[in-house]
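Enquirer: this is a predicted model, with the sequence first.
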2 protein chains.
Amino acid sequence: MSRTIPEQLTELKNFFEQKAEKLFPSVVPEAPVLGDAMAYSYHAGGKRIRPILSIAAAKALGKDPETIIPAALAIEMVHTYSLIHDDLPAMDNDDLRRGKPTSHIKYGEALAILAGDGLLTEAFRVAAEETGRGGISPGGQLHFIKKLSESAGIRGMVAGQVMDMEHPESKDADFLKQLHLRKTGAMIQLSCLVPAILWETPEKLYRALEDYGEKIGLLFQVTDDILDETATLAELGKTPGKDREQHKLTYLSVYGLNGARKLADSLLKDALMVLTNLPNPELLAGIARFIRERNH
Amino acid sequence: MSRTIPEQLTELKNFFEQKAEKLFPSVVPEAPVLGDAMAYSYHAGGKRIRPILSIAAAKALGKDPETIIPAALAIEMVHTYSLIHDDLPAMDNDDLRRGKPTSHIKYGEALAILAGDGLLTEAFRVAAEETGRGGISPGGQLHFIKKLSESAGIRGMVAGQVMDMEHPESKDADFLKQLHLRKTGAMIQLSCLVPAILWETPEKLYRALEDYGEKIGLLFQVTDDILDETATLAELGKTPGKDREQHKLTYLSVYGLNGARKLADSLLKDALMVLTNLPNPELLAGIARFIRERNH
């Protein structure tokens, strides 16, 4: 009877994509190619891990998951913009993402920049215009917009990106943590906090989701670094061992493979522990275990 | 006794810059160069025409101009980001702006992209976090964020940018108007609407500012095109006649010099006429006349 975590994740992904589809602005009448470029990257096969976390967090609080869909979409649009800009020639210069041509390869660099700008700006429109359903107050909406801008911007993701660019050779464990708390951690943590932000939520529950979000954000990065070393080409969908070849600053370069595995176990344990403060934490617990055990 | 319009504009610019300074996020502790790059472009000598319009519109409605400063700052930050991204090699590829090296020349292309992303994201943080002063309701703040995202994004500025890129040889007057209503017009119109958006304002006053904003947004572009042909190098601060040399789609290429002058006069007349619906329209009227008569 009971479904496996991968089955549940697929179900939650489908739930999100179906509900979010009508809110996604894929048609831009005055500039159709802009709408095409935005939709191309948004529909490029992402795992939707951030929306899934928001839905699971809503369930953990006993809230209706459908209410958080617009906020989850705003986060996923910000995530999509960040991938488009990260792939640009001046940044990571990647031609392929998930086996498909990146935005600037398909649409040219100028349109890729503008598609990213459009997705980021439109994410805030969705946040302002669509998150007020299901009894969410204007104060709750404003709180979400504030956290979205903090997590995505110069206190979060954009700062992390600059830290990564400016210190590629740094080998300090604390710097590595601070970098990942911002570069990927802030938006993952925000995803977990969505229901606690939109609804007025007791401090204890808010803190539990905040702590859980921080732990699994880091766990995600540590397991990413482990997989780059240990996974096969088929599992990873890209050449493994690239981090080491490029002398990248990773959890493996700082802790070694065994150290990174111990750190991952410890982050998982911490994440599971804070969840005991939530009413219905089973799904969030399953996701944390899945992130630790995944092979791609 | 009475000051000239240029004197008043300087005074309003100083008022804005002084009040906005403490709200501008120029220090990013984890990534100092990011804060530097954002501040460099923000302080690069812009005329602050958009904040001045917001202040003048507040005065026209008899509202306290200080209350609109955070919203005006958010708009100016979005304007600054758009200049950074427009100047990028993949876009207009400009090395100089207002006589100074552009962001990507000074900081490199990757950091210029991220400084733009940071300014855009941070503009929404300012909008969510700082616009609630002086009795502005959360509903008024949300209304502003919604209009900011619409005017800056795929219904406004970003769409206009793509229209400009995709159809550089089009010669149609209506296309030209639709392009400029979005590319520069939407954010100028929004600047005029700020007080009407933040405060609940009677429909008639809202529409008057909306109409005025549309007219002077277009007037600004028409006079820009005229000046490119008629101003001297010293007046313009850049080589005149460049539009014609590059066969750009401008109001002169569509209407000719005399036709463009007539259009400018007609837009000014329309702008002045709608202002009669406002309690204190004198400053807005002076700004409209100044835009028509300026020589740089």
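Expert: Looks like it arrived, so ask away. Residues are numbered from 1 along each chain as shown, chains lettered A, B, ... in the order given.
Enquirer: can you count the residues close to residue A:26?
Expert: Neighbours of residue A:26 under the rule other CB atoms under 10 Å in any protein chain shown: 12. C-beta: built from backbone N, CA, C; applies to glycine.
Enquirer: repeat for residue A:27
Expert: Count around residue A:27 with other CB under 10 Å applied: 12.
Enquirer: what about it, which helix or strand?
Expert: Using DSSP states H and E, residue A:27 falls within no helix or strand.
Enquirer: what's around the closest residue to residue A:140 other than its chain neighbours, how many residues?
Expert: Residue nearest to residue A:140 in three dimensions, not counting chain neighbours: residue A:198, with 4.6 Å by CB to CB, 6 or more residues apart in numbering or on different chains. Neighbours of residue A:198 under the rule other CB under 10 Å: 27.
Enquirer: can you give me the strands in chain A?
Expert: Here chain A has its strands, by DSSP state E, at A:96-97, A:100-101.
Enquirer: just those: most buried one?
Expert: Ranked by mean neighbour count under mean count of other CB atoms under 10 Å in any protein chain shown, those are led by strand A:96-97, which reaches a mean of 16.
Enquirer: related to what we said a few turns ago, the residue nearest to residue A:140 is in contact with residue A:135, isn't it?
Expert: No. The pair residue A:198 and residue A:135 fails to qualify as a contact (CB atoms under 8 Å) at a distance of 9.5 Å.
Enquirer: spit out the residues that contact the two alike.
Expert: residue A:67 (CB atoms under 8 Å, 6 or more residues apart in numbering or on different chains).
Enquirer: tell me, what's the model's pLDDT at the residue nearest to residue A:140?
Expert: The model reports residue A:198 with a pLDDT of 98.
Enquirer: contact partners for it?
Expert: So residue A:198 contacts A:67-68, A:71, A:131, A:136, A:140-141, A:143-144 (CB under 8 Å, 6+ apart).
Enquirer: rerun that using 6 Å as the cut-off
Expert: A:136, A:140, A:144 (CB atoms under 6 Å, 6 or more residues apart in numbering or on different chains).
Enquirer: give me the below-cutoff pLDDT ranges for chain A.
Expert: A:1, A:168-171, A:236-238 (pLDDT under 70).
Enquirer: near chain B, which residues of it are found?
Expert: Neighbours of chain B within chain A, by CB under 6 Å from any CB of the partner chain: A:28, A:30-31, A:34, A:85, A:90-91, A:109-110, A:113-114, A:117-118, A:121-122, A:124-125, A:128-129, A:138-139, A:141-142, A:145-146, A:149, A:152-154, A:158-159, A:161-163.
Enquirer: need the buried ones from those selected in PyMOL.
Expert: This is how PyMOL selects the buried members of the residues of chain A next to chain B, with burial counted by 16 or more other CB atoms under 10 Å in any protein chain shown:
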select buried, chain A and resi 28+30+31+34+85+90+91+109+110+113+114+117+118+121+122+124+125+128+129+138+141+142+145+146+149+152+153+154+158+159+161+162+163
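Enquirer: which of the residues of chain A next to chain B fall in helices?
Expert: Taking DSSP state H, the ones among these that sit in helices are A:34, A:85, A:109-110, A:113-114, A:117-118, A:121-122, A:124-125, A:128-129, A:138-139, A:141-142, A:145-146, A:149, A:152, A:158-159, A:161-163.
Enquirer: and for residue A:284, the neighbour number?
Expert: Neighbour number of residue A:284 under other CB under 10 Å is 25.
Enquirer: hang on, the earlier thing: export the strands of chain A as a markdown table, with columns for distance to residue B:45.
Expert: Below are those laid out as a markdown table (distance: least, CB to CB, whole Å):
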| stretch | distance to residue B:45 |
| --- | --- |
| strand A:96-97 | 39 |
| strand A:100-101 | 40 |
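Enquirer: where is the longest helix in chain A?
Expert: Max-length helix for chain A by DSSP H is helix A:203-230.
Enquirer: could you work out the end-to-end span of stretch A:246-256 for me?
Expert: For stretch A:246-256, the first-to-last residue distance is 16 Å (CA to CA, to the nearest Å).
Enquirer: can you report how many residues lie near residue A:20?
Expert: Using other CB under 10 Å, residue A:20 has 21 neighbouring residues.
Enquirer: setting aside sequence neighbours, what's the nearest residue to it?
Expert: Per CB to CB, 6+ apart, closest to residue A:20 is residue A:73, 4.4 Å.
Enquirer: could you do residue A:77 as well?
Expert: In space, and not counting its chain neighbours, residue A:77 is closest to residue A:123: 4.0 Å by CB to CB, 6+ apart.
Enquirer: mind listing what the spatially closest residue to residue A:185 that is not a sequence neighbour touches?
Expert: Ranked by CB to CB, 6+ apart and with sequence neighbours excluded, the top spatial neighbour of residue A:185 is residue A:217, at 3.3 Å. Residue A:217 makes contacts with A:185, A:188-189, as judged by CB under 6 Å, 6+ apart.
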